[in-house]
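In: Output the structure for:
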Amino acid sequence: MKGAADLKSSGLHARNGQSWELDGVPVLEEGLFRRKILEGCSQGARLVNLFACAQDKGGDVRIFAMLGKDQEGKLPVFCTRVPAARASFRSLTPELPQAHMFEREIAEQFAVTPAGHPWLKPVRYHRNYRDVPDLWPEVAAMPVPGVYPFYRVEGEEAHEVAVGPVHAGIIEPGHFRFQCHGEEVLNLEVQLGYQHRGIEKMMAEVSSERAVLLAESIAGDTVIAHATAYCTILESLGDREISPRAQAIRAVALELERLSNHAGDLGALSTDIGFSPPAAYFGRLRGEFLNLLMELSGNRYGRSLCRPGGVLFDLDQKMAEDFRGRLLTARKDLKEISDLFFGSSSVLSRIEGTGIVSNQAARELGLVGPAARASGAGVDVRTDYAFGMYRFHHIPISTVAAGDVYARALVRWLESQRSLEFLLDILNRIPEGELCVKIPALKPDHMALAMVEGWRGEVVHVAMTDSRCGIARYKIKDPSFHNWSGLAMAVRGGQISDFPLCNKSFNLSYAGHDL
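Out: Below is the predicted model:
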């Protein structure tokens, strides 16, 4: 039941879409906190979230951890307190690499040092939330990404290639610093933060009517996933269930968003390879899926559809029948063009064995979404932490073991087939129910979690309320936060000329990372 959580002797075990009292979160001594995370991950769990909150008076900071027990669909939640006088804790990263970005973010946001972190540097280049002296004075003096010194490889035959942050084309800013020996990439350092907008802070400061617009703007190609996560947070904190019909319409929009982006990515890969026919046809199919989303919501990217309490637009029987017919045609076209793409020996020779991320590396770095599933890691919120319509319409997880560009392309094709099957099924029998219900006042001193499987992977939103029922802390995690490290690993040891192809095979978000 929404709003409930299983309290066991081992602590708090939350479920997707739930809220719970803040006092119910176990506060552990730092050593036990650290040990619980390391032991949990050694036993098959993963670090879904690690973030800080200046919750206590006197400047103390609490660090919250959420472990993902994917097979059980449960998330142990616990925290530790870092005293303001000490403002440091022992880093998990040397023993748990997937913690490295989380700890860097905590250091930047709250000026708390993860002692022993092997590569501590800013994530988004902004002043800390606590308004205390920054860990990086040079950042405070000139908050521009790139001030922090880049990693260097020394040697007469080593050389450096810098790409961006301004790119040739209509693309967001991001900087890539390659350390090379000849054409071989020894290391890639990805520097982001150029688009930091302060969304997390604003989410706690503005009205819910404004906040949902911010959620839709976190990543422009992931409107439905982030908006759904935000709406789920408010519905949970307001202790309000939405109707099955509203859940179904959200699921339709989410899968159309997935289909449009997967088709677009396959087209972009075709363009990079120089294979024009599938590039054109995949692009046309992307447009068809976006047009369906526009007919549903009035916007090609789904803006103004999801709102706390449900959805603003209906999908009547006539529209559902029209959608089914067009999706059946799209399924036939997608199969034909995918057969051409994956059946071409010249395509396979270019993408097989290129940009490999091993299963071990994917798990150590905590990759999510298609990037993880292409390396054999079967993680998918729709199955592991089923929410909404996914509780009743199961979507099998599509995995490939190779971990290369071919695998990341194939996963997109497999997932597109699964999404089409899901849509054809749900459009055949959309349940009844009210489109949108009013959300009452939020529960005070509560915490809520929402996880959505966006097309790039796991989107996670967490919110905490204060005693006056307002949002005290809002935490956002876009899948790109994890997966940029995967891109850096994919190009290591490869040719620098393979970077554009590897980059397209991940197609990560600058804005989603920068928040």
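
In: What is the least confident helix or strand in this protein?
Out: Ranked by mean pLDDT, DSSP states H and E, the weakest helix or strand in the chain is strand 6-8, scoring a mean of 41.

In: Beyond that strand, next helix or strand please.
Out: Following strand 6-8 in sequence order, the next helix or strand is strand 11-14 (DSSP states H and E).

In: got the buried residues for that next one?
Out: Leu12, His13, Ala14 (16 or more other CB atoms under 10 Å). No exception for glycine: its C-beta is placed from N, CA and C like everyone else's.

In: how long is stretch 491-511 end to end?
Out: 22 Å (CA to CA, to the nearest Å).

In: Also stretch 230-244?
Out: Terminal-residue distance, stretch 230-244 (CA to CA): 18 Å.

In: what does stretch 358-371 give?
Out: Stretch 358-371 stretches 11 Å from its first residue to its last (CA to CA).

In: re the thing from before, could I get the buried residues of strand 11-14 in JSON lines, plus columns for pLDDT and distance to Asp60?
Out: Listed next are the buried residues of strand 11-14 as JSON lines, based on pLDDT from 0 to 100; distance: CB to CB, whole Å:
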{"residue": "Leu12", "pLDDT": "87", "distance to Asp60": "20"}
{"residue": "His13", "pLDDT": "91", "distance to Asp60": "26"}
{"residue": "Ala14", "pLDDT": "91", "distance to Asp60": "23"}
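
In: would you turn those into JSON lines with distance to Glu157?
Out: Listed next are the buried residues of strand 11-14 as JSON lines, based on distance: CB to CB, whole Å:
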{"residue": "Leu12", "distance to Glu157": "54"}
{"residue": "His13", "distance to Glu157": "54"}
{"residue": "Ala14", "distance to Glu157": "52"}
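
In: With respect to Gly267, which of the residues you listed is nearest?
Out: Closest to Gly267 out of the buried residues of strand 11-14 is Ala14 (38.8 Å), distances taken as CB to CB.

In: Please report the distance of the closest one from Phe51.
Out: As judged by CB to CB, to the nearest Å, Ala14 and Phe51 stand 14 Å apart.

In: One more: Arg412?
Out: Distance from Arg412 to Phe51, by CB to CB: 30 Å.

In: Which of these two has more residues huddled nearby?
Out: Arg412 (26 against 22; other CB atoms under 10 Å).

In: The more buried one: helix or strand, and which one exactly?
Out: Counting by DSSP H and E, Arg412 is found in helix 405-427.

In: Next: Glu255.
Out: Glu255 is located in helix 244-273, with elements delineated by DSSP H and E.

In: and the following helix or strand past that helix, what does it pack onto?
Out: The C-terminal neighbour of helix 244-273 among helices and strands, as given by DSSP H and E, is helix 276-297. With contacts defined as 3 or more CB pairs under 8 Å, 6 or more residues apart in numbering; DSSP states H and E, the packing partners of helix 276-297 are helix 244-273, helix 317-342.

In: contacts for the very next helix or strand once past the shortest one?
Out: The C-terminal neighbour of helix 317-342 among helices and strands, as given by DSSP H and E, is helix 345-351. The contact list for helix 345-351 (CB atoms under 8 Å, 6 or more residues apart in numbering) reads Leu269, Ser270, Ile273, Phe275, Phe341, Phe342, Asp404, Val405, Tyr406, Ala409, Leu501, Ser505.

In: Now rank those residues by neighbours and give me the top one.
Out: Ser505 leads those on contacts (other CB under 10 Å) with 29 neighbours.

In: so how far is Trp20 from that one?
Out: 39 Å.

In: What of Phe150?
Out: Counting by CB to CB, the gap from Phe150 to Trp20 is 42 Å.

In: of those two, who's got more company?
Out: The residue with more neighbours, out of Phe150 and Trp20, is Trp20; 23 against 14, by other CB under 10 Å.
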